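Novice: coordinates for the following, if possible.
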Amino acid sequence: MNVAAAPIDLAVIGGTGLYQLADLQDVESHQPVTRYGAPSGPVRIGTLDGHRVAFLARHGEGHSLPPHQINYRANLAALQALGAQRVLALNTVGGITERFGPRVLGCPDQLIDYTWGRISTLCEEPGTEVLHVDFGEPYTRSLREAVVAAAARAGVALVDGGCYGATQGPRLETRAEIARMKRDGCDLVGMTGMPEAGLAREFGLDYACLAIVANWAAGAGQDPDEVITLQDVLDNVAAASSGLPPLLRAVLAG
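Specialist: Here you go, the predicted structure:
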């Protein structure tokens, strides 16, 4: 595996609608193969305001990988091998509660895992060390606080806190499923929050989620019969993402 010569100040994983960081300069591409296989695509490493930043499109740069087929272990292993210690996950989500309408940015502090059948641990193979990592606080507090503080400095509106519910996908949820998730305490629904967060903890990586609300979840908006289209999702992600460049710059500036 080719390893970057210098450490990475921040690694960013992009979700649906976020397949590159346009502001990166002097970009190099790396395609490492890890003990878990190949990541979703090339890792693009460049500079942003003098800081080394890595970017990886979670679904592939052509959005070819559905949530349940992403090799989450290989993605995180590749970023770590290239020098990353801090990972900011960009997750395109649906809003369930009132604070999280379309085009809102959020930084959740809790999650509930509704996924199934995914490889969710580094302990999968026979003979590997059995890890029982603490996961009561699923996102790294210091990185989460840095993101929230950076948004305030940059003047980017950001909802602090909330619970992310990770579903299997790739289909969207029924209204009954969203009603159950709301009763469970979920504010947001997405398909890629787990096992990524749990694996990051096993890898020893600092990890936080920046949730980009693309739509109301089924039955959660003012129009309970609203039909969610991919174009609506992409339009809302594009609008909400306008705050990402100043926020990332503020995170890097510390």
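
Novice: use CA for all of it now, contacts and neighbours both
Specialist: Will do.

Novice: quick one: average pLDDT of the host helix or strand of Ala176?
Specialist: Mapping Ala176 onto the secondary structure by DSSP states H and E places it in helix 175-184. Helix 175-184 carries an average pLDDT of 97.

Novice: list the contacts for Gly169?
Specialist: Pro66, Pro67, His68, Met191 (C-alpha atoms under 8 Å, 6 or more residues apart in numbering).

Novice: hmm, the first one is touching Pro170, no?
Specialist: Put plainly, it is Pro66. Yes. Pro66 is in contact with Pro170 according to C-alpha atoms under 8 Å; the separation is 6.1 Å.

Novice: with just CA atoms, put the helix holding Ala176 into PDB.
Specialist: What follows is the C-alpha trace of helix 175-184 in PDB, where atoms were taken according to Å, rounded to 0.1, in the frame of the first residue of the first chain:
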ATOM      1  CA  ARG A 175     -44.300   6.400   7.000                       C
ATOM      2  CA  ALA A 176     -44.800   3.700   9.700                       C
ATOM      3  CA  GLU A 177     -41.100   3.100  10.000                       C
ATOM      4  CA  ILE A 178     -40.400   6.800  10.300                       C
ATOM      5  CA  ALA A 179     -43.100   7.100  13.000                       C
ATOM      6  CA  ARG A 180     -41.500   4.300  14.900                       C
ATOM      7  CA  MET A 181     -38.100   5.900  14.600                       C
ATOM      8  CA  LYS A 182     -39.500   9.200  15.900                       C
ATOM      9  CA  ARG A 183     -40.900   7.300  18.900                       C
ATOM     10  CA  ASP A 184     -37.500   5.800  19.400                       C
END
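
Novice: can you check the pLDDT for Ala250?
Specialist: Residue-level confidence at Ala250 comes out at 96, pLDDT.

Novice: need phi/psi at the closest residue to it other than its chain neighbours.
Specialist: Leaving aside its chain neighbours, Ala250 sits nearest to Ala150 (4.9 Å; criterion: C-alpha to C-alpha, 6 or more residues apart in numbering). Reported as degrees, to the nearest 10, the phi and psi values for Ala150 are phi -60, psi -40.

Novice: can you get me a residue count around Ala150?
Specialist: When neighbours are defined as other C-alpha atoms under 10 Å, Ala150 has 22 of them.
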